[in-house]
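# With the input below, show me the fold.
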Amino acid sequence: MSLRKKPTITAERIAASQANGRHWRGPSTAKRREAIHTALLRHGFSAPAEEEAMRALGEDPAQFQELLEELWRTYQPGDAAQEGLVIRLARATWLQNRADRMQEGYAVRQARDLNSGRQERLHAQMMRLKMTAESLQRLIQSVAREHYVTTPEDLEKMKNLRQEGVLKDMGDIALALFYQLQAPGTGEDGLDPMEKARRMVEQAKEIFGIGKTAPYPPRSTIASDASRIEQDPQYAEAGEEEDDERYPNISAAEWEARERPRHLLENILRRQVETCEAQRNALLKESVKGPSPYERAAEIAPTQPNATLMRRIQDTHFREVRRVTNLLLKIKRQARK
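Numbering: from 1, shown residues only. Next up is the predicted model:
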């Protein structure tokens, strides 16, 4: 059932329709076109430069002429003042439509620019997520070792991941756990005092030209000698005790207390790897499927600096159309009275 009431046909309505029908002068004729042309010349709106400007903007002056004829037939101007208002209304309506085309045209251009670089952006995001997952996997391999102590390389890698912002809040938690698992007495730079002193000696020798110290493997890589394991089978069994010898300041109870944050850090890193993989798969599906209408609407949202100016232009022309229309209707009512 429709909620809209049908209009009741009364004698007054029939009389008004007949009166309006008598005012209608039929389709466009040569006489009417001549009257419009004369009015345009009289009010200074038929300059060839205006038609040239319309063509330069991709507009058809004939369509403006059709719009003017329709408004002329609707309001039937009776004097020069009414003719000028009808012409002004046609121009305001035309400019209002032009403002709409301006905003829509900019949206089309913005959508084309986004389409041209969309695949490259998605590919770059997927590659970044893949590299992040690989870095996290290497950290997991280090953290998964029993009696783990944070190395400067792992700490620097975690700082870089946190700085990139790919891990968000979990990056702060993971970095705090890496600091907690450092060797006793280690500073914020991730270097223990012995390693810091060794680097200072190397820098001093290099500055004064004394020479460099003989390179030797860092402390964290001493236990990775495969040839020594083959020569001495007992060396593999002593791998767990090597950390205790390397860090004599850490007691057995402290090693046990460090296991809980180590497991927590390992679980966080594994979870972040799964998150990166899920995001990469989602981006892959998006690149194949393409953006949805809602995503497209969000992408072409008017964020350009001239968006506010375009909106003001539209509102200005709309208010002009409303003012001229109200003025014409008011003049018509007074003429009928």
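
# count of neighbours near L155?
Per other CB atoms under 10 Å, the neighbour tally for L155 reads 20. Heads up, the C-betas are built off the backbone N, CA and C, glycines and all.

# do the one 3 residues further on as well
Other residues near M158 come to 24 when the count uses other CB under 10 Å.

# M310 is in contact with Y106, correct?
Yes. Using CB atoms under 8 Å, Y106 is in contact with M310, at 7.5 Å.

# quick one, what contacts R118?
Residues counted as contacts of R118 (CB atoms under 8 Å, 6 or more residues apart in numbering) are 287, 291.

# Please give the element, helix or strand, for it.
Taking DSSP states H and E as the criterion, R118 maps to helix 80-143.

# what's the following helix or strand after that helix?
Going down the chain from helix 80-143, the next helix or strand is helix 152-164, by DSSP H and E.

# Hey, what's the angle from that following helix to helix 80-143? Just curious.
Computed by axes from the mean of the first three to the mean of the last three CA atoms, to 10 degrees, the angle separating helix 152-164 from helix 80-143 equals 170 degrees.

# burial of Q180, as a residue count?
Neighbours of Q180 under the rule other CB under 10 Å: 13.

# The helix or strand where N267 lies vs helix 152-164, what angle?
Assigning secondary structure by DSSP H and E places N267 in helix 252-289. Interaxial angle, helix 252-289 versus helix 152-164 (the same axes, to 10 degrees): 40 degrees.

# residue ranges with poor pLDDT in the stretch 101-250 of the chain?
Within the stretch 101-250 of the chain, the stretches with pLDDT under 70 are 186-245.

# Please repeat the previous calculation with a cut-off of 50.
Low-confidence segments of the stretch 101-250 of the chain (pLDDT under 50): 189-190, 213-230, 233-239.

# For the helix or strand harbouring R32, buried residues please.
Element membership for R32 (DSSP H and E) is helix 30-43. Buried residues in helix 30-43, counted by 16 or more other CB atoms under 10 Å: 36, 39-40.

# same question, stretch 168-179
Here stretch 168-179 shows 171, 174-175, 177-178 as buried, counting by 16+ other CB under 10 Å.

# out of those residues, which are inside helices?
The helices, defined by DSSP state H, take in 171, 174-175, 177-178 from those.

# which residues does I268 contact?
Taking CB under 8 Å, 6+ apart, we find I268 in contact with 170, 173-174, 177.

# Need the max-distance pair from the residues you listed.
Distances among the contacts of I268 were taken as CB to CB; the most separated pair is M170 and L177, at 10.4 Å.

# Please parse the chain into its domains.
Domain ranges of the chain: 26-111+302-336, 120-299, per automatic domain parsing.

# Can you lay out those domains as TSV showing distance to A11?
Formatted as TSV, the domains of the chain follow (distance: least, CB to CB, whole Å):
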stretch	distance to A11
domain 26-111+302-336	19
domain 120-299	51
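
# Quick one: closest of those to T10.
That would be domain 26-111+302-336 among these, by CB to CB, at 19.4 Å.

# Counting neighbours, what do you get for L309?
By other CB under 10 Å, the residues close to L309 number 10.

# Roughly how far does it sit from Y106?
11 Å (CB to CB, to the nearest Å).

# and what of Q82?
37 Å.

# the more surrounded of those two?
Neighbour totals were compared for Q82 and Y106, and Q82 leads with 19 against 16 (other CB under 10 Å).

# check contacts around the more buried one.
75, 328, 331.

# neighbour-wise, which of the residues you listed leads?
With neighbours defined as other CB under 10 Å, the most crowded of the contacts of Q82 is L328; it has 20 neighbours.

# Is that residue in contact with R88, as I believe?
No. The pair L328 and R88 does not pass the contact test of CB under 8 Å, sitting 9.4 Å apart.

# Please spell out which residues along the helix holding N267 are buried.
The neighbour-count criterion (16+ other CB under 10 Å) identifies 255, 258, 262, 265-266, 268-269, 272-273, 275-276, 279-280, 283, 286 as the buried residues of helix 252-289.

# measure the closest residue to I140 other than its chain neighbours to M170 for me?
Spatial nearest neighbour of I140, excluding adjacent residues (CB to CB, 6 or more residues apart in numbering): L269 at 4.9 Å. L269 sits at a distance of 9 Å from M170 (criterion: CB to CB).

# likewise T132?
12 Å.

# Please apply the same query to S142.
Separation of S142 from M170 (CB to CB): 18 Å.

# what do you get for C276?
C276 is 11 Å from M170, by CB to CB.

# Please apply the same query to T150.
From T150 to M170 the distance is 17 Å (CB to CB).

# L265 too?
Applying CB to CB, the value for L265 to M170 is 11 Å.

# now do A56
According to CB to CB, A56 and M170 sit 57 Å apart.

# Quick one: the strands in the stretch 201-337 of the chain, in order.
Assigned by DSSP state E, counting those that start in this stretch, the stretch 201-337 of the chain shows no strands.
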